[in-house]
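Visitor: Pasting the sequence and the predicted model now:
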Amino acid sequence: MTLGDGPLIVQSDKTVLLEVAHPQAAAARTAIAPFAELERAPEHVHTYRITPLALWNARAAGFDAEQAVDVLERYSRFPVPQALLIDVAETMARYGRLKLVKHPAHGLILEAEDAAVLTEVLRSKKIQPLTGAPIDDVTAPVHPSERGRIKQELTKLGWPVEDLAGYVDGEHHPIELTAGDGWDLRDYQQYATESFWEGGSGVVVLPCGAGKTIVGAASMAQAQTTTLILVTNTVAGRQWRDELLRRTTLTPNEIGEYSGERKEIRPVTIATYQVVTRKTKGEYKALELFDSRDWGLIIYDEVHLLPAPVFRMAADLQSRRRLGLTATLVREDGREDDVFSLIGPKRYDAPWKELELAGYIATAECVEVRTELSAEERLLYATAETRERYRIAACSRGKLTALDRILATHAGKQTLVIGAYVDQLEEVAAHIGAPLIDGSSSTKNREQTFDAFRRGEISTLVVSKVANFSIDLPEAAVGIQISGTFGSRQEEAQRLGRLLRPKADGAEALFYTIVARDTLDAEYAARRQRFLAEQGYAYRLVDASDL
């Protein structure tokens, strides 16, 4: 490619503009994805930003500064600002200039490549309580109990430390995959497992339906040790259990459930985030779970949802191997740096479209259906407070008409109707005569209803955000989102993910989002769509009257 015809415009403020219609837009998007984050995705030009955390994650995954510079220069329409290229190289070079290592005499030490860096960080008031007096110009002891906190603080200071201090093996427990018994590890699952194991700890990013649980099982077989698995809810935990029984040599007696309903601690224990973060008289009672066995591996399912208290617990578990699994590292609370510090850097990230092209996940079409507020709703909207405005628009009556038309178009297809407001969902469920699963549904009711949907006994199911994560509904072919959690990018990705299991008939998945035109609902929808736009999904816009 010659200068002047590339799809990117790289600017000195570290923003990168991508011309969506350019013939090489898809290649450029894939090339910059390891080190740039999508900020805005209007119809014609997408805006990315090169951030330090994205650069450090790329560096930890083996992507070096020379590759990043080459990508920017190869796809840029104009000369890339020299200062930006230097900054990219210098930022990436910061990762690993400090290392945590084991020393035979001093235990855990912080080791710097040069004295100036160590001097700089030891002057920080946040670092001083975590370290002892320097051993020499380039090393200082670290209190072993502060291994997690020092990683957090060094990342905040702009000096992400590479943790090479190793891990305890934990209590040995034999676990083998039963691959070959009607299934085999896919090449990307094998590579994800190897990348995690070589790095020691970190995060594997795979789209929903691509087999994150199998990567977890393969990592357990590699570790051959007792394993604690943390999940979003009891239904997700039981799906993990069923998958481990199907894919490994583990037996039911070796897998325990630690939830609101049961308190079993076994060589492989599956616990919910809700239970481990529950406080009794000001104390986390479930901390005994972390101390109950000599765990060799801790798996954090849906790591982008880790509650804040689990970060504090993760800081105390730095001697254990830690695997985070997620479809997107986006966190709406901005704590991606804590995932990086305490669980580990991103070790593997599979582009959604690559797996789609290989047939590992279903192809999907995204459609935004635009509706109008009624005159009465428009007046209410105009006079309401901001938060109430969104609710008025998200729950507008015109969405029911659009929903009816979409359902009629896809009659007989396995369909999920998804929303954020329970009263809206109750009205929808009654209107279309479909069962509703929300936060008040019992675990037994959820499991029975999901099983009926999987068997095809129920063709349409109305679900709240409880079904956003870790719910396996392989034959779901149509998703209709009638309201979302404000501008949540990860929620949008997870909701599309409910549809991405390859279909038995090879059919394409369809994801509709119904949006009230010229309102906050439309504004938040545009924000929610950013992550999927980054993955190469384009939303086709349709007027509800044209359905």
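Guide: Thanks, I have the structure now. Residues are numbered from 1 along each chain as shown.

Visitor: Against Leu110, how distant is the residue of the chain most remote from its centre?
Guide: Most distant residue from the mean C-alpha position of the chain: Asp136, 40.8 Å away (Cα atoms, centre = their mean). Asp136 sits at a distance of 12 Å from Leu110 (criterion: Cβ to Cβ, to the nearest Å). Quick note: C-beta positions are derived from backbone N, CA and C, even for glycine.

Visitor: do Pro174 as well
Guide: 37 Å.

Visitor: With neighbour numbers in mind, choose between the two.
Guide: Using other Cβ atoms under 10 Å as the criterion, Pro174 and Leu110 rank with Leu110 on top: 25 against 11.

Visitor: Name the helix or strand of the chain that has the lowest mean pLDDT.
Guide: Of all helical and strand segments in the chain, the minimum by mean pLDDT, DSSP states H and E falls on strand 283-284, at a mean of 72.

Visitor: Could you check the helix or strand following that one and say which residues are buried?
Guide: Using DSSP states H and E, the helix or strand that follows strand 283-284 towards the C-terminus is helix 287-291. Neighbour counts over helix 287-291 (16 or more other Cβ atoms under 10 Å) mark 289-290 as buried.

Visitor: list the helices and strands helix 287-291 packs on?
Guide: On a contact count with 3 or more Cβ pairs under 8 Å, 6 or more residues apart in numbering; DSSP states H and E, helix 287-291 meets no helix or strand.

Visitor: at 10 Å what do you get?
Guide: With contacts defined as 3 or more Cβ pairs under 10 Å, 6 or more residues apart in numbering; DSSP states H and E, the packing partners of helix 287-291 are strand 227-231, strand 268-272, helix 273-276, helix 308-315.

Visitor: so which of those is the most packed in?
Guide: strand 227-231 (a mean of 27; mean count of other Cβ atoms under 10 Å).

Visitor: What's the mean pLDDT across whichever helix or strand comes after that one?
Guide: The helix or strand immediately downstream of strand 227-231 is helix 234-247, counting by DSSP H and E. The pLDDT scores in helix 234-247 average 93.

Visitor: buried set for helix 234-247?
Guide: 234-241, 243-244, 247.

Visitor: Then stretch 503-514?
Guide: Quick answer for stretch 503-514 (16+ other Cβ under 10 Å): 503, 509-514.

Visitor: Stretch 143-151 too?
Guide: Within stretch 143-151, the residues scored as buried using 16+ other Cβ under 10 Å are 146-151.

Visitor: For the residue nearest the centre of the chain, give me its contacts.
Guide: In the chain, the centroid-proximal residue (Cα atoms, centre = their mean) is Thr328; its distance is 2.7 Å. Taking Cβ atoms under 10 Å, 6 or more residues apart in numbering as the criterion, Thr328 is in contact with 205, 207-208, 302-304, 349, 352, 489-494, 497, 531-532, 534-535.

Visitor: now those residues: which count as buried?
Guide: Buried by 16+ other Cβ under 10 Å: 205, 207-208, 302-304, 349, 352, 489-494, 497, 531-532, 534-535, out of the contacts of Thr328.

Visitor: can I assume Ile299 sits in a strand?
Guide: Yes - Ile299: assigned to a strand according to DSSP: H, G, I helix; E, B strand; the rest coil.

Visitor: need the buried residues of helix 234-247 in JSON lines with distance to Glu162, can you?
Guide: Below are the buried residues of helix 234-247 laid out as JSON lines (distance: Cβ to Cβ, whole Å):
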{"residue": "Thr234", "distance to Glu162": "37"}
{"residue": "Val235", "distance to Glu162": "38"}
{"residue": "Ala236", "distance to Glu162": "32"}
{"residue": "Gly237", "distance to Glu162": "33"}
{"residue": "Arg238", "distance to Glu162": "37"}
{"residue": "Gln239", "distance to Glu162": "35"}
{"residue": "Trp240", "distance to Glu162": "31"}
{"residue": "Arg241", "distance to Glu162": "35"}
{"residue": "Glu243", "distance to Glu162": "33"}
{"residue": "Leu244", "distance to Glu162": "32"}
{"residue": "Arg247", "distance to Glu162": "32"}
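
Visitor: which one of these is nearest Lys14?
Guide: Ala236 (37.3 Å; Cβ to Cβ).

Visitor: isn't the closest one right next to Leu325, touching?
Guide: No - counting by Cβ atoms under 10 Å, Ala236 stays clear of Leu325, with 11.3 Å between them.

Visitor: overlap in contacts of the two?
Guide: Residues touching both Ala236 and Leu325 (Cβ under 10 Å, 6+ apart): 213, 229, 301-302, 470.

Visitor: Just send those residues back as JSON lines, with distance to Phe78 and pLDDT too.
Guide: What follows is the shared contacts of Ala236 and Leu325, written out as JSON lines (distance: Cβ to Cβ, whole Å; pLDDT from 0 to 100):
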{"residue": "Thr213", "distance to Phe78": "45", "pLDDT": "94"}
{"residue": "Ile229", "distance to Phe78": "49", "pLDDT": "96"}
{"residue": "Asp301", "distance to Phe78": "44", "pLDDT": "93"}
{"residue": "Glu302", "distance to Phe78": "41", "pLDDT": "87"}
{"residue": "Ser470", "distance to Phe78": "45", "pLDDT": "58"}
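
Visitor: Next, format these as TSV and append distance to Ala61.
Guide: Formatted as TSV, these follow (distance: Cβ to Cβ, whole Å):
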residue	distance to Ala61
Thr213	22
Ile229	24
Asp301	21
Glu302	20
Ser470	24
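
Visitor: returning to that earlier point: just how off-centre is the least confident helix or strand of the chain within its chain?
Guide: Distance, stretch centre to chain centre, for strand 283-284: 27 Å (Cα atoms, centre = their mean, to the nearest Å).
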